[in-house]
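1. what follows is a predicted protein model with its sequence.
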Amino acid sequence: MQPQERSRCGTATASIYSDIRACQPIAGDTNLEGNDTVKSPRSPDRLTDPAIPADATYRPALTLLASLFFIWGFTTVINNTLLPHLRSVFDLSYKQTTLLESVWFIAYFFASLPSAWLIERIGYQRAIVVGLLIMALGALVMIPASRIPSYLLVLGALFVIAAGITLLQVAANPYVAVVGPPATASSRLNLVQAFNSLGTTLAPLFGGYLILGRSTSGRSIDQSHVLTVAERLADAQSVQLPYLIIAAVLILLAVVISRFRLPAMGVATRSAAKAERKNHSLWAHRNLVFGIPAIFIYLIAEIGVSNLFINFVSQPEIGNLTHEQASHYLFLLWGGMMVGRFLGSFVMRFVPAEHVLAFASVGAGLVMLTASLSTGHIAMWALISVGLFHSIMFPTIFTLGIRDLGPLTEEGSGLLIMAIAGGALVIVQGVIADSYGLQVSFFLTAACEMYVLFYALWGAKACARCLPEAQDPR
């Protein structure tokens, strides 16, 4: 790097939360990761040219990344229609059904740190491409898994898809958080997560039509009906077309992103961060220490609601619906999350993120108690409405968790993404549902909301001695 370029990117003490626009490549001047920069004399300086808006350097990247958030949200929530389908095909208990989702989130635990290692070596953009291709591989494995059909092969395919999504999460979440001004990190991540919610909103309609709508179990209102061998085989194969479509879209998106020039996080910034890590401790940051269990516990709540939703509202005393009909109401649950994230992105421009998170956790706790203690449409609509309150929780906890980590942001992000493995404990709710009833199991969800409230009111506050400025007066 030339001396004049070094001054643009800052000194060796620059942190990942420095104004990284000073380290971003000018269009047409760098390779994918910002190496070998050669500035064109005819190119306008995007950093000083008053004709170019301050956020122009990262807005195109956010637009493309929004599609990334959309597709992994879409792929994740296909599980919500897949699980009740597989419960009928393989005649599973609630514990065995939730084990499918547990395997999905166990992948987050095992893949998070290797993902951070891979990003460090190949960069954010190439890591995103690799993550998309891993997801496509897992989606293609679902085709032979449904032909056999094999419960174990389905578990393996879901693990592979989730490992790919983990890589995307570790790369994309911190990238979005730091690619613009730190003050609007929560707002920005909530905005792109809203497109994630758009994917989760449309997925139940897609899965309801192509999986549940084309299967015997999905169209039957008698949930006690036992499928014949021929019906099981036909139902199992109904997942082939949806996952073939998903694989094709993932491969196409990988090609598009590989050819797009994303603003680099900054090689100089990453090198400076390496040098500074010896002087900082992750465990000195209260917002991260309590943020890790906050993500872990919140995921138990979110995944428990979404995965057991169709079975819950299909019950005679609640909604008395077929699984296909229930998937349309699942659309409303995820639609509430989408609306909440767009709304939250706007509100957090004016209201501190901690206050919005506290309000959402109280609201979520109240509607979950209503769903657990009432029956009929009151219980059903209470469960649907929790999506609105859950909407801002993950992106807000994430950005509060990595706030002020400085050169430790990458490691902190990896730990927060690893905490998504908390979704694996949805199997605990499955055990409760088998033992005491599905409705009683939602008391676990209400308890989870209380920890989120604790985090918003106290755990998310960064202690003054933890701030990089306090440790390094330079």
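-> Cool, got the structure. Residues are numbered from 1 along each chain as shown.
2. centre of the chain to the helix or strand harbouring residue 164, how far?
-> Assigned by DSSP states H and E, residue 164 belongs to helix 151-178. Remark: helix 151-178 is offset 9 Å from the chain centroid, using C-alpha atoms, centre = their mean, to the nearest Å.
3. list the buried residues for that helix?
-> The neighbour-count check on helix 151-178 (16 or more other C-beta atoms under 10 Å) flags 151, 153-155, 157-178 as buried. C-beta coordinates here come from the backbone N, C-alpha and C atoms, glycine included.
4. excluding chain neighbours, what is closest to the most centrally placed residue in the chain?
-> Centroid check for the chain by C-alpha atoms, centre = their mean gives residue 169 as the closest residue, at 6.3 Å. Distances taken as C-beta to C-beta, 6 or more residues apart in numbering put residue 417 closest to residue 169, at 4.9 Å, once the chain neighbours are dropped.
5. thought the one you found was touching residue 173?
-> Yes - here residue 417 reaches residue 173: they are 6.9 Å apart, a contact under C-beta atoms under 8 Å.
6. can I assume residue 102 is in contact with residue 426?
-> Yes - here residue 102 reaches residue 426: they are 6.2 Å apart, a contact under C-beta under 8 Å.
7. for the helix or strand hosting residue 110, packing partners?
-> In this assignment (DSSP H and E), residue 110 forms part of helix 94-122. Applying 3 or more C-beta pairs under 8 Å, 6 or more residues apart in numbering; DSSP states H and E, one finds that helix 94-122 contacts helix 59-89, helix 124-147, helix 151-178, helix 291-314, helix 409-418, helix 426-436.
8. next one: the fifth one to chain centre, how far?
-> To tie it back to what came earlier, the one meant is helix 409-418. 13 Å.
9. same question for the last one.
-> Chain-centre distance of helix 426-436: 24 Å, with C-alpha atoms, centre = their mean.
10. buried set for it?
-> Those would be 426-430, 432-434, for helix 426-436 by 16+ other C-beta under 10 Å.
11. for the residues you listed, give me TSV that also has distance to residue 395 and pLDDT.
-> What follows is these, written out as TSV (distance: C-beta to C-beta, whole Å; pLDDT from 0 to 100):
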residue	distance to residue 395	pLDDT
426	20	87
427	25	89
428	25	92
429	23	92
430	27	90
432	28	94
433	29	93
434	33	92
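12. one step back: residue contacts, the residue nearest to the centre of the chain?
-> 72, 108, 115, 417, 420 (C-beta atoms under 8 Å, 6 or more residues apart in numbering).
13. list the residues that contact the second one.
-> The reference is to residue 108. 162, 166, 169, 417-418, 420-421, 423-424.
14. burial count for the residue nearest to residue 208 when sequence neighbours are not counted?
-> In space, and not counting its chain neighbours, residue 208 is closest to residue 327: 3.2 Å by C-beta to C-beta, 6+ apart. Neighbour count for residue 327, taken as other C-beta atoms under 10 Å: 29.
15. so who does residue 327 touch?
-> The neighbourhood of residue 327, defined by C-beta under 8 Å, 6+ apart, consists of 80-81, 204-205, 207-208, 212, 310.
16. my guess is residue 392 contacts residue 189, does it?
-> No - using C-beta under 8 Å, residue 392 makes no contact with residue 189, being 9.8 Å away.
17. wait, residue 431 sits on residue 93?
-> No - contact between residue 431 and residue 93 fails when scored by C-beta under 8 Å: they sit 9.3 Å apart.
18. any shared contact partners between these two?
-> Contact with both residue 431 and residue 93 is made by no residue, according to C-beta under 8 Å, 6+ apart.
19. in stretch 176-196, what's buried?
-> Residues of stretch 176-196 classed as buried under the neighbour-count rule (16+ other C-beta under 10 Å) are 176-180, 182, 184-196.
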